[in-house]
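1. coords please:
(chains A and B)
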Amino acid sequence: MDDDTMADNPSATGRSSSQNFKVVLLGEGCVGKTSLVLRYTEDKFNDKHVSTLQASFVKKKLNLNGRRINLAIWDTAGQERFHALGPIYYRMSNGAILVYDITDEDSFQKVKNWIKELKKMLGSEICLVIAGNKIDLEKDRTVSVEDAENYARSVGAVHFHTSAKINSGIEEIFLNLCYLMIEKADKQKADHLVSLNRSGSTRRTIIIDDEDVPSTEGSSRWCCSN
Amino acid sequence: MISFKKGSFRIGEAELKCKKANGCDYYGNPQWDGFCSKCYKDIQKQRRMNASPKKVQINKSNAKPDFKKNGLTEKKSKLSYLKMFNTIKSKDDISEKSKKDYDPLIAKKLEQVDVEYLSLLSEPKSLRSDLKKQIRNFCQMMMMSHLHSPVDLQSELTQHFYQNILDMLNNNYSYDELDHEKKEQILDYAEKYSMIKLYKYLFCMTLADEEEDLCIQKRIRQLNWVNAKHLDCDIDKTNAQIIELVYKAILELLDMDSAIAPQDKLACVVRCCRHIFGVLQGGNNGVKGPASADDFLPVLIFVVLKANPVRLKSNLHYVTRFCNASRLMSGEAGYYFTNLCCAVSFIEKINAELLSMNTEEFEQYMNGTLVSDTWDSALIICEGMHQMFEQLALLADLKRRNLLIVEDAIKLKKEMSNFKDEFMEQFSVLKEVYTINDDSNQTDTKMSVSIDDFDPMCSNLPPWTMTPQIIQPAERTHTSSTCTDVDSWDIHSAETVSLHSLDACLGMSQEKHVVAGSSFEHTIKEQSHLNEIQEISIQGWQIPSIPCETGGKIITSSKSDIQ
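-> Numbering: from 1, shown residues only, chains lettered A, B, ... in the order given. Model prediction:
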């Protein structure tokens, strides 16, 4: 029966309407968060003729395996002075993209801080991907690939190399994050269903309990009669 | 539960059968008191037949436990009763409530919301009533509970209410045709309507909220020296367009307090933020690329600092608590609102480090011992001075124009009074002329008035007119100008009319109208004595009735002269 509902679920409850995911972009100032988003949503880099006024909140619609996904990408202010505001931004988000500049060791350190914080605040509810941005500046690299990937693995995040300038790795990182989020959402739903079933069963038993109370007399009488 | 389960293993088949004494071979159900469905239904029917006359009087409080104990079919009937009671109760409540705290402003707003969403709610017919029912129940519940339940609970109840409506829309077959957007709009309506209705119960209701409001307001006032430079924001103060946009953003933020529904408040925030993006773009002819959050947040903080909106915290709390959470968590409005929260949070936390200055300086600024004396603030002052001069020039110009207007006004006034005098003069001259004319016609006019009035002057008039004289047919047109139209009449008809009118007048007013009466007598005498009956009858007809008309004519003509 559980299987049934599981199979049922995506098609029936789901998803004639689409799924909404909130993704936050975290990263120090000037690591290229905005460029990343612009490249992804508008396929433009450093372009003055972008149709949108702003790149701090963007929506993107995706169709993955017949499921409609609405991505809402929230840019955050990366300056150090706004660091403490992070929790307000990433509350209730489904995924986070942590961006660092491969030529800037500090920015990678920041990513580590953020991940620590995210883990503390949201536990494993959030899907994490790490983007080492500006790989077009490979020659100036200061954060070693190995370090970054090892770290990512250790915190259960996926690491990508991206460049908004040469449009490399951007589609991949968002797509990957989407799959991760879908997976997580499905899992959560399944958990929810299980718990629902459980609660449903308890509800059923509660009714029995309820019946039990008034009918104790009856049953005892019954017992006696037996 | 467990004990029951254990027990159930030991229950034999006999116990599971329907409890009805002999005959029924079906299995019973504990839910139906151990009867099978059919028997239970019968029993219920019987019971209800016995109980129904009483039940009407059951009030809500004792109906409830009853309904819990009873089975499914009973439940249905009870539910309908409950509903009845509910509606009765709610009607009472509403009328009471509306009497007690009926607010015309709120009522008007609600009406507006209704009108706004009228077309939306018209489609499936049941939608409107369903929604109204849900909203009404929810509002009542909140109104009753607003005093004694904590804020968090109320917020939860509100979110639950939104979820309920969404579930209703999603699961009810009659709403299948509605697409996703329509459903969202319907949810919007429910939110707006109920929140406007409940606004005064939900907004800024705790003392803590109020204190926070005052606290942040004071804080912002203390921070009035913070300028764009401190926040590293990129505002081009020399560009009038940008300054304008900053002001617009500030105004929108200030507007937030006057909006009532959460989404309206959010809309204010969104408009404010759009203006800020305009600022970041560099005015209308944007030369910069799309703004990022790195640029955006500092400007927002700057705007909040300069706006210092009233009841800021209350507004934020209200939106966070009672706005539909899904809107707040995913939409664009949600993003801006989150940024606003961030800005406020930052303002609360502001310290020397965050503004990248040393502590001493910061303290001095906060104490007010140091006022912003930097180049930047000097620039601002210059800007201010510049603006002041510009405005002074503008004022001077306005003053000059105002003086001109006043002068012209005085001139006009003079002209008008001159005109009036002239006019009066001309009028008086004309009046004199016309009064003389009137005197010449006096015979007719006075006669006409004399019929109704006792004017002593008239007493000597009739003899003058009435001196018997033989009027030649040729002269007839000559005697009075007013006769001309009479001449065109058929003489015979005129005769009869005159006689009729004479008779009537005689009967009516012989004693009253002495003067007129004497004239009538004259005419009668003449009628009897004179041979030329036709002529005299015309004469006689002329006297009582023609003046009546001509008099009226003269009066109107003189009136028109005056005009």
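2. drop to CA atoms for contacts and neighbour counts, all remaining ones
-> Noted.
3. residue boundaries of the strands in chain A?
-> All strands of chain A, identified by DSSP state E, fall at A:19-27, A:57-64, A:67-75, A:95-101, A:127-133, A:158-161.
4. could I get those as TSV with mean pLDDT?
-> Compiled in TSV, those are given as follows (pLDDT from 0 to 100):
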stretch	mean pLDDT
strand A:19-27	89
strand A:57-64	88
strand A:67-75	89
strand A:95-101	92
strand A:127-133	92
strand A:158-161	91
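5. Save those strands as JSON lines, and put in distance to B:Asn171 too.
-> Below are the strands of chain A laid out as JSON lines (distance: least, C-alpha to C-alpha, whole Å):
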{"stretch": "strand A:19-27", "distance to B:Asn171": "18"}
{"stretch": "strand A:57-64", "distance to B:Asn171": "25"}
{"stretch": "strand A:67-75", "distance to B:Asn171": "20"}
{"stretch": "strand A:95-101", "distance to B:Asn171": "29"}
{"stretch": "strand A:127-133", "distance to B:Asn171": "31"}
{"stretch": "strand A:158-161", "distance to B:Asn171": "38"}
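6. Compare these and give me the one nearest B:Ser145.
-> The closest of the strands of chain A to B:Ser145 is strand A:19-27. By C-alpha to C-alpha, the value is 33.4 Å.
7. where's the closest one relative to the chain centroid, distance-wise?
-> Centre-to-centre, strand A:19-27 and its host chain are 6 Å apart (C-alpha atoms, centre = their mean, to the nearest Å).
8. Give me the contacts around it.
-> With contacts defined as C-alpha atoms under 8 Å, 6 or more residues apart in numbering or on different chains, strand A:19-27 is touched by A:33, A:67-78, A:89-90, A:92-100, A:107, A:110-111, A:114, A:181, B:329-330.
9. Now residue 159: closest residue in space, sequence neighbours ignored.
-> All of this is about chain A. A:Ile130 (4.7 Å; C-alpha to C-alpha, 6 or more residues apart in numbering or on different chains).
10. Chain B is the one I meant
-> Distances taken as C-alpha to C-alpha, 6+ apart put B:Asn324 closest to B:Gln159, at 6.4 Å, once the chain neighbours are dropped.
11. Now stretch B:199-207 - C-alpha only, PDB.
-> Only the C-alpha atoms of stretch B:199-207 are listed here, as PDB (Å, rounded to 0.1, in the frame of the first residue of the first chain):
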ATOM      1  CA  TYR B 199      -6.700  44.000  11.500                       C
ATOM      2  CA  LYS B 200      -7.400  45.800  14.700                       C
ATOM      3  CA  TYR B 201      -7.300  42.600  16.700                       C
ATOM      4  CA  LEU B 202      -4.100  41.300  15.100                       C
ATOM      5  CA  PHE B 203      -2.000  44.400  14.500                       C
ATOM      6  CA  CYS B 204       0.300  45.600  17.200                       C
ATOM      7  CA  MET B 205      -1.600  44.000  19.900                       C
ATOM      8  CA  THR B 206       1.000  43.200  22.400                       C
ATOM      9  CA  LEU B 207       2.800  45.700  24.600                       C
END
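12. Just the buried residues of that stretch, please?
-> Going by neighbour count (16 or more other C-alpha atoms under 10 Å in any protein chain shown), the buried part of stretch B:199-207 is B:199, B:201-205.
13. picking up where we left off before, what distance do you get for the residue nearest to B:Gln159 to chain A?
-> 14 Å (C-alpha to the nearest C-alpha, to the nearest Å).
14. give the contact list for that residue.
-> Listed by C-alpha under 8 Å, 6+ apart, the contact partners of B:Asn324 are B:159, B:162, B:191.
15. Just confirm the second one contacts B:Glu191, I think it does.
-> Yes - the pair B:Tyr162 and B:Glu191 qualifies as a contact (C-alpha atoms under 8 Å) at a distance of 7.3 Å.
16. what about the residue nearest to B:Ser122 when sequence neighbours are not counted, how many residues close to it?
-> The shortest distance from B:Ser122 to any residue other than its chain neighbours is 7.0 Å, reached at B:Arg128 (C-alpha to C-alpha, 6+ apart). Number of residues near B:Arg128 (other C-alpha atoms under 10 Å in any protein chain shown) recorded here: 16.
17. Touching, B:Arg128 and B:Leu118? I think so.
-> No - counting by C-alpha under 8 Å, B:Arg128 sits too far from B:Leu118 to count as a contact (9.4 Å).
18. picking that back up, can you say which of the contacts of strand A:19-27 are buried?
-> Buried, going by 16+ other C-alpha under 10 Å: A:33, A:67-78, A:89-90, A:92-100, A:107, A:110-111, A:114, A:181, B:329-330, out of those.
19. Around residue 192, how many other residues sit close by?
-> As the question left the chain open, I've gone with chain A. Neighbours of A:His192 (other C-alpha under 10 Å): 12.
20. looking at chain B here, not the other one
-> 22.
21. Can you list the buried residues in whichever strand or helix holds it?
-> Applying DSSP states H and E as the criterion places B:Lys192 in helix B:180-202. Using 16+ other C-alpha under 10 Å as the test for burial, helix B:180-202 gives B:183, B:186-199, B:201-202.
22. same thing with stretch B:233-242?
-> Going by 16+ other C-alpha under 10 Å, stretch B:233-242 has these buried residues: B:233, B:235, B:241-242.
23. Filter those down to the ones in strands?
-> Short answer: the buried residues of stretch B:233-242 have none in strands (DSSP E).
24. Out of the residues you listed, name the ones that lie in helices.
-> Residues of those located in helices (DSSP state H): B:241-242.
25. of the buried residues of stretch B:233-242, closest to chain A?
-> B:Cys233 (12.0 Å; C-alpha to the nearest C-alpha).
26. For B:Leu297, see how far away the closest one is.
-> B:Cys233 sits 9 Å away from B:Leu297, going by C-alpha to C-alpha, to the nearest Å.
27. How about B:Ala307?
-> 15 Å.
28. Can you list the low-confidence ranges for chain A?
-> Filtered on pLDDT under 70, chain A yields the residue ranges A:1-17, A:47-53, A:198-226.
29. re the thing from before, in a markdown table, list the contacts of B:Asn324 along with pLDDT.
-> Shown next, in a markdown table, are these (pLDDT from 0 to 100):
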| residue | pLDDT |
| --- | --- |
| B:Gln159 | 89 |
| B:Tyr162 | 89 |
| B:Glu191 | 88 |
